[in-house]
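1. Sequence first, then the predicted structure:
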Amino acid sequence: MFVNFLKIDVRDLVGNLKKPGLMLWLLGAQMLLVPTLLYVIALPFNHEVAVAFLLIAALPPGVASAALVDLFKGNVSLALVLTMLGHVVVPFTIPLLLWVLLGNSVMLPLLDIFKMLLMVIMIPLVLAYLTRRYANKIISPLKPYFPLLVVGSLFMVVLVAVSLNASYVRSNVIGLLGYFMVFVGLSLSFHALGWLMTWKQSGATKIAAVVTLNYNNIALGILLAVQFFSPTVVLYTTIYEIIWNLLLPVSKTVFKLTKRPAAVEQIIPK
């Protein structure tokens, strides 16, 4: 998390906070409304899939989502704001969703989840801000190695998650292909919901909403699943990590349907 947060400069985001309307709507929809909707839809069919849907949808945007928004010619400033604020509020929103939606059906240590989220998000976030401010000259030569560090840490997280389900994976390969398609559907639903949430907004804003909703901090989700949920939920969350990477061409195709503006827009278009 620390290395990821080094990519975000808080000072670049302050100006965008002066126009909070669309930003607050998207933040609330992404962190509360969409997870609730997907959980309710999936619950009648499979409880563990529904829990995985809830956990995945409740995650904040991945730090890399801003770079993807830039690649797709979207509203980068909006993506940065959603990424930053999403990580600030997630220690509160995920325990709230689990308490309201799961209740007594699943025994979860909500206080421990809250503490873990604070530890793995807020501490690296503060340290990254202080490092950028007071030791930027020291970390600048190391920036080319940041992607390697991120990929390596993510690989270790996925390796642990898969190892917990190794016997299940070996004996249920065909069944897992079906679940793989279910989570492809989840990713496609993120595309559709992001589009609907910004129905009257510009193409660049739609791209920012879709990318930040779909390309979330799945590594955080895997960590939470490993620590607090069943091995099956861990496996489903890991499946989405694979889909996260495979569906980039799909996103690119979807965004071709949008007229791309020549310049990055403000959060609230005139």
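-> Yep, that arrived.
2. so Ile94 touches Ala58, yeah?
-> Yes: Ile94 is within contact range of Ala58, at 5.1 Å (criterion: Cβ atoms under 8 Å). C-beta here means a position set from N, CA and C on the backbone, and glycine is covered the same way.
3. more crowded one of the two?
-> Neighbours per residue (other Cβ atoms under 10 Å) separate Ile94 from Ala58, with Ala58 holding more: 28 against 25.
4. what's the helix or strand for the residue nearest to the more buried one when sequence neighbours are not counted?
-> Leaving aside its sequence neighbours, Ala58 sits nearest to Pro35 (Cβ to Cβ, 6 or more residues apart in numbering; 4.2 Å). Taking DSSP states H and E as the criterion, Pro35 maps to helix 34-42.
5. Could you export the very next helix or strand once past that helix as PDB, CA atoms only?
-> Proceeding N to C from helix 34-42, the next assigned helix or strand is helix 47-57, under DSSP H and E. Extracted in PDB, the C-alpha atoms of helix 47-57 (Å, rounded to 0.1, in the frame of the first residue of the first chain):
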ATOM      1  CA  HIS A  47     -24.600 -16.900  -0.400                       C
ATOM      2  CA  GLU A  48     -20.800 -17.100  -0.800                       C
ATOM      3  CA  VAL A  49     -20.900 -15.600  -4.300                       C
ATOM      4  CA  ALA A  50     -23.100 -12.800  -2.800                       C
ATOM      5  CA  VAL A  51     -20.500 -12.200  -0.100                       C
ATOM      6  CA  ALA A  52     -17.700 -12.100  -2.600                       C
ATOM      7  CA  PHE A  53     -19.700  -9.600  -4.700                       C
ATOM      8  CA  LEU A  54     -20.300  -7.500  -1.700                       C
ATOM      9  CA  LEU A  55     -16.600  -7.500  -0.700                       C
ATOM     10  CA  ILE A  56     -15.300  -6.800  -4.200                       C
ATOM     11  CA  ALA A  57     -17.800  -4.000  -4.900                       C
END
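6. Report the mean confidence score over helix 47-57.
-> Across helix 47-57, the average pLDDT comes to 94.
7. after that helix, next one along is what?
-> Past helix 47-57, the next helix or strand by DSSP H and E is helix 65-71.
8. Buried ones in that following helix, by neighbour count?
-> Ser65, Ala66, Leu68, Val69, Asp70 (16 or more other Cβ atoms under 10 Å).
9. How about stretch 46-66?
-> 47-66.
10. I am finished for the moment; much appreciated.
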